[in-house]
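In: Task: produce atomic coordinates for the following.
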Amino acid sequence: LQFLYFIENMKTFLAAAAAAAACGMAFADDRPNIVFLICESTDGRTYREGFAPVPIPAIRKLANEGTQFDTHYANVPVCCPSRASTWSGRMPHKIPHKQAQTGLPVDGVWNNYEGLPPDYDQKIMDVLTDQGYNVKISGKQDWNTGGHSINVRLSAWTMYTQFPYSVNETGGWYDESMCSQEPIIHPTSTEYCHGDWADVNSTTAWIRTQKDATTPFFVYQGMSIVHPPYVTNDYWYNKIDLSQVTLPKWEPLMEMHPCDFEASMLKECTPSDADSPAFYNATRRVGIRAVYYAMIAEFDAMVGAYVDAVEDAGKTDTTVFIVTSDHGDMNMEHQQFYKMVQYDASSRVPLVIKTPFPNDPKKALVTSATSHIDLFPTIMEYAQVPKDKWPTVLDGHSLVGFVNGSKKVDTPQYAVSQFHGDNIAMSWYLITDGEWKYVVFGTGDEVDAQLFNLHEDISETNNVASSNPSLVEMLDKELRTHVDYVNVSKNVAKYNQDSFKGWQQHTPNWKDVIASKSNRWSVPFNANATGSYAAIDQWLGEEPMVKACRRNLSWPSP
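Out: Got it, this is the predicted structure:
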């Protein structure tokens with residue numbers, strides 16, 4: 001029996017050793033530490049050298065010593081759903097759960113109210129804890145269902161409610177309140193501007209206590225920076241060369257794609273006639289973009305603090321760094337701020353992986369399309385977790401091959417993203433191979449699709465779908481292999497109605513709540529409260545349906 005026990009242990013050891021060898025490590029018990037940092041709202045293109053005047057020396061050093069993924073996407077570009085997808089390794093339409101308040105069965109993380117069930121025990125950190133890693137989680141987590149404000153829920157559920165509005169008189173129908181604000185620059189010279197530093201300092205202090213530890217650690221911090229509002233101080237703002245800050249071209253409102261128009265309006269980015277001069281002021285817009293870049297620079301300093309802590313603990317030669325963002329930010333492109341939309345500023349995110357393995361190529365640049373669902377299997381592989389200990393189903397693929405050079409950095413493959421929540425007027429889906437990006441809305445029948453050549457049209461201002469029908473057909477067919485977008489869109493339309501009705505039943509004073517000044521849509525709602533309530537009644541009385549985005553300066557149209 002002892003001999004058989006020895007044989008079985010040797011089999012396990014050899015299998016783990018083989019997995020370790022694939023990662024460039026000699027022994028199965030020589031597992032690396034992993035530092036996993038996720039900030040907010042960072043456009044992936046800002047890590048490109050020369051794209052924007054953003055000083056990021058710490059991140060640049062990691063990229064120069066490791067691998068930068070240039071065509072990496074959030075599978076859903078908004079906070080909670082993005083994290084739920086990342087930490088479960090599942091596409092957003094494959095995360096079933098029950099709604100927090102109503103118990104309604106929900107098929108996916110459609111909006112910021114939906115996420116992983118609280119008892120979900122197959123997250124990255126759960127698996128690593130089971131495998132003996134010393135796990136340290138800090139900062140923003142936000143992956144469970146039931147979070148965020150009532151404003152977020154109502155805005156998402158009423159996506160197909162056609163509320164009355166007038167852009168010229170009030171700025172239209174909006175459920176955000178920051179697009180028209182001035183950027184904030186505090187007159188202070190301290191390096192510590194944002195609240196994330198408290199968690200940075202406590203977590204990096206913990207890393208230093210691991211100097212003599214023999215058990216590998218997995219450290220995660222979620223940062224709130226670079227999330228709007230756009231706020232910085234003189235210390236960081238003065239690092240930005242304003243002469244290098246460019247202004248994106250804006251189309252006339254009536255020439256926008258209807259879903260772009262309505263997204264801009266919902267984000268409070270279509271000002272009234274009275275507010276237009278201040279809103280369109282170029283100096284204000286340059287200031288917003290500069291403050292955004294300054295916030296990214298401050299995040300870089302946080303990354304640098306982690307690099308220093310690992311060095312101080314003597315763990316640099318045994319630590320993998322993974323740095324990314326939950327989603328991007330439009331930062332005034334296409335007359336928008338915030339995330340939630342299909343454009344690269346919103347859905348394309350940075351990713352840098354630096355390993356301690358000497359044979360891994362340095363300063364590698366991966367142009368293949370990748371996405372956040374690939375991070376789960378990547379971390380599993382670095383942590384040498386046996387495959388039978390992985391979750392039964394993961395939708396992504398490990399990125400280790402790109403990092404160690406066994407997979408070509410330009411391997412043809414696709415990334416897919418989608419969203420169905422607030423600040424948009426229709427469900428949308430994108431698929432890209434890094435050169436071409438195809439976007440479809442709703443069931444595909446309501447409004448025109450979009451096709452962009454990302455190599456030639458980095459700002460995505462030239463929709464070439466109508467002149468490339470065969471390419472559209474091919475990409476649409478490929479997209480359908482990843483997500484049945486017709487049925488998902490219909491599912492979301494029904495979910496919206498069911499959720500709102502369930503909320504009504506749990507909220508006897510719902511009419512007071514929905515018109516409350518605490519909601520970000522209170523101004524347009526109460527500008528015509530009778531019409532707003534009537535629009536809700538009309539929507540709830542209809543069969544669930546996917547409705548086309550509107551491009552009208554007023555509604556109902558004259």
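
In: CA atoms only for the helix or strand containing residue 501 - export them in CSV, please.
Out: Under the criterion DSSP states H and E, the helix or strand holding residue 501 is helix 485-506. What follows is helix 485-506, C-alpha atoms only, in CSV (Å, rounded to 0.1, in the frame of the first residue of the first chain):
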residue,chain,number,x,y,z
TYR,A,485,-27.4,37.8,-30.4
VAL,A,486,-30.9,37.7,-31.8
ASN,A,487,-32.3,35.6,-28.9
VAL,A,488,-30.2,37.3,-26.3
SER,A,489,-31.5,40.7,-27.4
LYS,A,490,-35.1,39.4,-27.1
ASN,A,491,-34.3,37.8,-23.8
VAL,A,492,-33.0,41.1,-22.4
ALA,A,493,-36.1,43.0,-23.7
LYS,A,494,-38.3,40.6,-21.7
TYR,A,495,-36.0,40.6,-18.7
ASN,A,496,-36.2,44.5,-18.6
GLN,A,497,-40.0,44.4,-18.3
ASP,A,498,-40.1,41.5,-15.8
SER,A,499,-37.5,43.2,-13.7
PHE,A,500,-39.3,46.5,-13.7
LYS,A,501,-42.6,44.8,-12.8
GLY,A,502,-40.9,42.9,-10.0
TRP,A,503,-39.4,46.0,-8.6
GLN,A,504,-42.9,47.7,-8.7
GLN,A,505,-44.3,44.9,-6.7
HIS,A,506,-41.6,45.3,-4.1
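
In: next helix or strand past that helix?
Out: Helix 485-506 is succeeded, C-terminally, by helix 510-514 (DSSP H and E).

In: got the buried residues for that following helix?
Out: Buried residues in helix 510-514, counted by 16 or more other CB atoms under 10 Å: residue 514. Yep, even glycine has a C-beta here, placed from its N, CA and C like the rest.

In: And for stretch 270-283?
Out: 270-271, 279.

In: re earlier: average pLDDT for the helix holding residue 501?
Out: The average pLDDT within helix 485-506 is 97.

In: now stretch 272-282
Out: pLDDT averaged over stretch 272-282 gives 97.

In: Distance from that stretch to the middle of the chain?
Out: The chain centroid and the centroid of stretch 272-282 are separated by 30 Å under CA atoms, centre = their mean, to the nearest Å.

In: Export it to CSV, keeping only CA atoms.
Out: Output in CSV follows, covering the C-alpha atoms of stretch 272-282 (Å, rounded to 0.1, in the frame of the first residue of the first chain):
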residue,chain,number,x,y,z
SER,A,272,-29.5,72.4,-24.5
ASP,A,273,-29.2,75.5,-26.7
ALA,A,274,-28.6,77.6,-23.6
ASP,A,275,-25.8,75.3,-22.4
SER,A,276,-24.1,74.6,-25.8
PRO,A,277,-21.5,77.4,-25.7
ALA,A,278,-20.0,76.2,-22.4
PHE,A,279,-20.3,72.5,-23.3
TYR,A,280,-18.6,72.8,-26.7
ASN,A,281,-15.8,75.0,-25.4
ALA,A,282,-12.6,73.4,-26.7
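
In: what's next to it, contact-wise?
Out: For stretch 272-282, the surrounding residues in contact (CB atoms under 8 Å, 6 or more residues apart in numbering) are 167-171, 179-180, 247, 269, 271, 284.

In: Include distance to residue 349 when you put the residues you listed into a markdown table, please.
Out: Formatted as a markdown table, the contacts of stretch 272-282 follow (distance: CB to CB, whole Å):
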| residue | distance to residue 349 |
| --- | --- |
| 167 | 31 |
| 168 | 36 |
| 169 | 37 |
| 170 | 34 |
| 171 | 30 |
| 179 | 21 |
| 180 | 26 |
| 247 | 23 |
| 269 | 22 |
| 271 | 29 |
| 284 | 26 |
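
In: quick one: buried residues of the lengthiest helix in the chain?
Out: Counting by DSSP state H, the longest helix found in the chain is helix 282-312. Of all the residues in helix 282-312, those buried under the rule 16+ other CB under 10 Å are 285-307, 309-310.

In: residues in contact with stretch 62-69?
Out: By CB under 8 Å, 6+ apart, stretch 62-69 touches 47, 303, 307, 321, 323, 350-355, 360-366, 370, 399, 402-403.

In: And stretch 87-94, by the same measure?
Out: So stretch 87-94 is contacted by 75-76, 81, 84-85, 95, 107-110, 116, 120, 122-125, 143, 373, 375-377, 391, 393-396, 416, 418, 482-483, 488 (CB under 8 Å, 6+ apart).

In: tally of neighbours for residue 458?
Out: For residue 458, the number of neighbouring residues by other CB atoms under 10 Å comes to 13.

In: Now for it: which residues touch it?
Out: 45, 344.

In: Okay, it and residue 110: tell me how far apart.
Out: Remark: distance between residue 458 and residue 110 (CB to CB, to the nearest Å) = 30 Å.

In: circling back to that earlier point, and the buried residues of stretch 270-283 as JSON lines, adding distance to residue 207?
Out: What follows is these, written out as JSON lines (distance: CB to CB, whole Å):
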{"residue": "270", "distance to residue 207": "47"}
{"residue": "271", "distance to residue 207": "47"}
{"residue": "279", "distance to residue 207": "45"}
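
In: Low-confidence stretches in the stretch 1-150 of the chain?
Out: 1-29 (pLDDT under 70).

In: Go again with 90.
Out: 1-29, 101, 147-149 (pLDDT under 90).

In: Tell me who's in contact with residue 342.
Out: 417, 419, 428, 430, 439, 450.

In: which residues does the second one bridge with?
Out: For residue 419, the beta-bridge assignment (DSSP bridges) gives partners residue 428.

In: I figured it was touching residue 76, is that so?
Out: Yes: between residue 419 and residue 76 there is a contact at 5.5 Å, judged by CB atoms under 8 Å.

In: wait, residue 544 sits on residue 497?
Out: Yes: between residue 544 and residue 497 there is a contact under CB under 8 Å: 5.1 Å.
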